[in-house]
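J.: return a 3D structure for these sequence lines:
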Amino acid sequence: MSDSPKKKELSLTGKSIQACGSLLGVTAALGAMVMLDYSGLITGALFGGGGGLIGSLLAMPIAAMFPEEPL
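T.: Numbers count the residues shown, from 1 in each chain. Take a look at the predicted model:
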């Protein structure tokens, strides 16, 4: 047994906020890809993956304000 603290889980609201941040990041990244006149499957995957990751990380501090409540 270890004495490490338990990992806090997000509530449904927190998970929704993080998912919305990820979706906004993907949308912004793909919009930037179109505006910069890039095309291709690999470029789209790189822009979409990077945008989703950045959006999710930016939304995490807001999502962390909604921890899961013990029943």
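J.: the most centrally placed residue in the chain sits in which helix or strand?
T.: Most central in the chain under Cα atoms, centre = their mean is residue 56, positioned 1.8 Å from the mean C-alpha point. Using DSSP states H and E, residue 56 sits in helix 41-63.
J.: touching, residue 14 and residue 64? I think so.
T.: Yes. Applying Cβ atoms under 8 Å as the test, residue 14 and residue 64 come out as touching, 6.9 Å apart. C-beta coordinates here come from the backbone N, C-alpha and C atoms, glycine included.
J.: quick one: which of these two has more around it?
T.: residue 14 (20 against 13; other Cβ atoms under 10 Å).
J.: which helix or strand contains that one?
T.: helix 12-35.
J.: tell me the buried residues in that helix?
T.: Across helix 12-35, burial judged by 16 or more other Cβ atoms under 10 Å covers 14, 17-18, 21-22, 24-26, 29-30, 33.
J.: where does pLDDT dip in the chain?
T.: Scanning the chain for pLDDT under 70 picks out 1-5, 71.
J.: rewinding a little: list the helices and strands the helix holding residue 14 packs on?
T.: For helix 12-35, the elements it packs on are helix 41-63, judged by 3 or more Cβ pairs under 8 Å, 6 or more residues apart in numbering; DSSP states H and E.
J.: what is the orientation angle of the helix it packs on with helix 12-35?
T.: Counting by axes from the mean of the first three to the mean of the last three Cα atoms, to 10 degrees, helix 41-63 lies at 150 degrees to helix 12-35.
J.: pull the residues that contact helix 41-63.
T.: 10, 14-15, 17-18, 20-30, 32-33, 38 (Cβ atoms under 8 Å, 6 or more residues apart in numbering).
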